[in-house]
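Novice: Here is a sequence together with a model predicted from it:
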Amino acid sequence: MSPDIATIVLVPLLAVAAPMLAGLVGRVAAIPLVVFEIVLGLLVGPSVLGWVPKSDALEAFSNFGLAFLFFMAGNEIDFAAIKGRPLRRASLGWLVSLVAGVLIAVLLSPSFVTAVYIGIALTSTALGTLMPVLRDAGELRTPFGRAVTAVGAVGEFGPLLAISLFLSGRRPLAAALVLIGFAVIAGAAIWFASRGAHRGFHRLVRATLHTSGQFAVRFVVLVIAALVGLSLALGLDMLLGAFAAGVICRVLLSGGDEEDSRQIEGKLEAVAFGVVVPVFFIATGVGFDLHALLSDPRALILLPIFLVLLLVVRGLPGSLAAPPGSTFADRASLTLFSATGLPIIVAVTSIGVDAGELGVGAATALVGAGMLSVLLFPLLALVLRRRSAGGGPRPADPDHVPVVG
């Protein structure tokens, strides 16, 4: 079988096999789905069986899946629910993470520039990865889930801002001006989306909701492509545009009929988590260079160090956002969720390696630590959360919003 045919057949096969395996293992332990996607990708990739090679086509589709993952994160964040204490605490925690991450990375790095790459990578939280986990556990609308969402929102948006400011290759002032320009454009789009009823737009959405037109889904893909393209044209990270696209589409689409909005959300979840996002996680496993890690003693030493640093640098400050009255188990669970990071780690290390500022061994160790965080931390966090006696309500319906007195 040719490599191209193997990729075309095996990647969808693994995407189907992953939830089946998750369902079987779930009878014993609730392991997040992305764990199986990454492990299966690693298994069939060049590092183990070699059935699916790395390719430009797989990478391109994977990047689209990553963009859709960040779009869904921006689209699912209810800023009204996390504003106030959760967002303030989460922001403070991320600033502590940034300072601590860079200072600690200085001790492990040959240069300050390398330390900046490592420090920013250590401050990320994979909100796009955690959202499905929280939804499946019925935690998305609970006070605890809102705290995780706040930490994750800042833990994705903060590193993206840091990448744009410090790793774009521009002087900080020029980078800040470009970033402000992007923020003005995105802010204007959000303002326009929130103004007026946009009746013509919503009529077209409703008219094509059950036809082959599917205007809402096509419009979303266009917005993602436009803002990702704008980000790249301005020299910013594409994930910043994808995240902003999610926020804009949430504001615009929520202005229509509630039932229509619910159906559109279901369609977007089907496209994201049913088609493109699994390809990103499978491709992450395929692209992981296990041989480079195992053949580099320094990288092998750095991997567990980076895994611990994710807990110390990102996890502990993230626990500052724990809801009032949280138990020790809840705080420990929030620490683990906060320290779960992979997509931004992949992005930062790719930029660092391409720029020649970050060694391949250190980059592989960082990505390996990010993969282990996704494999281990959400599972342990869910166990702690379930064991918590005072963890708060866990409604069976994830759309149910509990009344908090």
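Specialist: Thanks, I have the structure now.
Novice: which other helices and strands contact the longest helix seen in the chain?
Specialist: Taking DSSP state H as the assignment, the helix of the chain that covers the most residues is helix 360-387. With contacts defined as 3 or more Cβ pairs under 8 Å, 6 or more residues apart in numbering; DSSP states H and E, helix 360-387 has these neighbours: helix 33-44, helix 112-121, helix 127-136, helix 290-294, helix 297-309, helix 328-338, helix 343-355. C-beta: built from backbone N, CA, C; applies to glycine.
Novice: centre of the chain versus that helix, how much separation?
Specialist: 13 Å (Cα atoms, centre = their mean, to the nearest Å).
Novice: tell me the mean pLDDT for that helix?
Specialist: Per-region confidence: helix 360-387 scores 88 on mean pLDDT.
Novice: returning to what we had before: lowest average pLDDT across the helices and strands packed on helix 360-387?
Specialist: Summarising mean pLDDT across these, the least confident stretch is helix 127-136, with a mean of 80.
Novice: hang on, the earlier thing: between the helices and strands packed on helix 360-387, which gets nearest to A272?
Specialist: With Cβ to Cβ as the criterion, A272 lies closest to helix 127-136 of the helices and strands packed on helix 360-387, at 9.1 Å.
Novice: what's downstream of the closest one, the next helix or strand?
Specialist: Counting by DSSP states H and E, the next helix or strand C-terminal to helix 127-136 is helix 143-166.
Novice: between that next one and helix 112-121, what angle do the directions make?
Specialist: Relative orientation of helix 143-166 and helix 112-121, computed by axes from the mean of the first three to the mean of the last three Cα atoms, to 10 degrees: 160 degrees.
Novice: As PDB, could you dump the C-alpha coordinates of the helix or strand just after helix 143-166?
Specialist: Per DSSP H and E, the first helix or strand lying C-terminal to helix 143-166 is helix 172-194. Extracted in PDB, the C-alpha atoms of helix 172-194 (Å, rounded to 0.1, in the frame of the first residue of the first chain):
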ATOM      1  CA  PRO A 172       8.400  44.700  20.700                       C
ATOM      2  CA  LEU A 173       6.900  48.200  19.800                       C
ATOM      3  CA  ALA A 174       6.300  47.200  16.200                       C
ATOM      4  CA  ALA A 175       4.800  43.900  17.300                       C
ATOM      5  CA  ALA A 176       2.600  45.700  19.800                       C
ATOM      6  CA  LEU A 177       1.300  48.000  17.100                       C
ATOM      7  CA  VAL A 178       0.500  45.200  14.800                       C
ATOM      8  CA  LEU A 179      -1.200  43.300  17.600                       C
ATOM      9  CA  ILE A 180      -3.200  46.400  18.400                       C
ATOM     10  CA  GLY A 181      -4.200  46.700  14.800                       C
ATOM     11  CA  PHE A 182      -5.500  43.100  14.800                       C
ATOM     12  CA  ALA A 183      -7.300  43.700  18.000                       C
ATOM     13  CA  VAL A 184      -9.000  46.800  16.600                       C
ATOM     14  CA  ILE A 185     -10.200  44.800  13.500                       C
ATOM     15  CA  ALA A 186     -11.400  41.900  15.600                       C
ATOM     16  CA  GLY A 187     -13.000  44.200  18.100                       C
ATOM     17  CA  ALA A 188     -14.800  46.100  15.300                       C
ATOM     18  CA  ALA A 189     -16.100  42.700  13.900                       C
ATOM     19  CA  ILE A 190     -17.300  41.700  17.400                       C
ATOM     20  CA  TRP A 191     -19.000  45.100  17.800                       C
ATOM     21  CA  PHE A 192     -20.700  44.800  14.400                       C
ATOM     22  CA  ALA A 193     -21.800  41.200  15.200                       C
ATOM     23  CA  SER A 194     -23.400  42.400  18.400                       C
END
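Novice: Which elements pack onto helix 172-194?
Specialist: Taking 3+ Cβ pairs under 8 Å, 6+ apart as the contact definition, the neighbouring helices and strands of helix 172-194 are helix 143-166, helix 215-233, helix 238-253.
Novice: Go ahead and measure how far the shortest one is from the middle of the chain.
Specialist: How far helix 238-253 lies from its chain's middle: 14 Å, per Cα atoms, centre = their mean.
Novice: Alpha carbons of that helix, as PDB, please.
Specialist: Taking only C-alpha atoms (Å, rounded to 0.1, in the frame of the first residue of the first chain), the coordinates of helix 238-253 have been written out as PDB:
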ATOM      1  CA  MET A 238      -2.700  31.700  13.100                       C
ATOM      2  CA  LEU A 239      -4.300  30.500  16.300                       C
ATOM      3  CA  LEU A 240      -4.900  34.000  17.400                       C
ATOM      4  CA  GLY A 241      -7.200  34.500  14.400                       C
ATOM      5  CA  ALA A 242      -8.900  31.200  14.900                       C
ATOM      6  CA  PHE A 243      -9.700  32.100  18.500                       C
ATOM      7  CA  ALA A 244     -11.000  35.500  17.600                       C
ATOM      8  CA  ALA A 245     -13.200  33.900  14.900                       C
ATOM      9  CA  GLY A 246     -14.800  31.700  17.500                       C
ATOM     10  CA  VAL A 247     -15.700  34.700  19.600                       C
ATOM     11  CA  ILE A 248     -17.100  36.700  16.600                       C
ATOM     12  CA  CYS A 249     -19.200  33.700  15.400                       C
ATOM     13  CA  ARG A 250     -20.600  33.100  18.900                       C
ATOM     14  CA  VAL A 251     -21.800  36.700  19.200                       C
ATOM     15  CA  LEU A 252     -23.300  36.700  15.700                       C
ATOM     16  CA  LEU A 253     -25.000  33.300  15.700                       C
END
